[in-house]
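Chemist: here you go, sequence then predicted model.
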Amino acid sequence: MPRPVRRTIVFVIGFTLIAIGGVLIVLPGPFTLPLVIGGLVILAAEFAWAESLLRKAKDSARKVDPRKINWRKKKDI
């Protein structure tokens, strides 16, 4: 497959996953973060800027202390 066609397909699929993840941040829905990360993984296959963002996301995730995360959901009153 020619490189411009492959890059276009990768861009469309990766950006679509990131856009769906972004919509799910606002709307209630599961799998927000995995969709965004998955989109970055797909984009990182062809684009250096996406690889850089993915590396920054991995570094930030390593810094998170899971013991300090409040996993309980807040109840609506």
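Modeler: The structure has been received and is ready for your questions.

Chemist: for P30, list the residues it contacts.
Modeler: L24 (C-beta atoms under 8 Å, 6 or more residues apart in numbering). To be clear about C-beta, it is placed using only N, CA and C from the backbone, and glycine gets the same treatment.

Chemist: whoops, I mixed them up, E51
Modeler: A44.

Chemist: can you rerun that using 10 Å?
Modeler: 40-41, 43-45 (C-beta atoms under 10 Å, 6 or more residues apart in numbering).

Chemist: check R6 too.
Modeler: So R6 contacts 45-46 (C-beta under 10 Å, 6+ apart).

Chemist: and what of the one 10 residues further on?
Modeler: By C-beta under 10 Å, 6+ apart, the contact set of T16 is 35, 39, 42.

Chemist: count of neighbours near the last one?
Modeler: Under the neighbour criterion other C-beta atoms under 10 Å, I42 is assigned a count of 21.

Chemist: after the helix or strand that contains F11, next one along is what?
Modeler: Secondary structure assignment for F11, by DSSP states H and E: helix 3-26. The element immediately downstream of helix 3-26 (helix or strand, assigned by DSSP H and E) is helix 32-44.

Chemist: next, the angle helix 3-26 makes with that following helix.
Modeler: Between the axes of helix 32-44 and helix 3-26, defined by axes from the mean of the first three to the mean of the last three C-alpha atoms, to 10 degrees, the angle is 170 degrees.

Chemist: just the CA atoms of helix 32-44, as CSV, please.
Modeler: Only the C-alpha atoms of helix 32-44 are listed here, as CSV (Å, rounded to 0.1, in the frame of the first residue of the first chain):
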residue,chain,number,x,y,z
THR,A,32,-12.6,6.8,27.7
LEU,A,33,-9.0,6.5,28.4
PRO,A,34,-8.4,3.2,26.5
LEU,A,35,-9.9,4.8,23.4
VAL,A,36,-7.6,7.8,23.6
ILE,A,37,-4.5,5.7,24.3
GLY,A,38,-5.5,3.3,21.5
GLY,A,39,-5.8,6.2,19.1
LEU,A,40,-2.4,7.5,20.1
VAL,A,41,-0.9,4.0,19.7
ILE,A,42,-2.3,3.8,16.2
LEU,A,43,-1.2,7.3,15.3
ALA,A,44,2.3,6.7,16.7
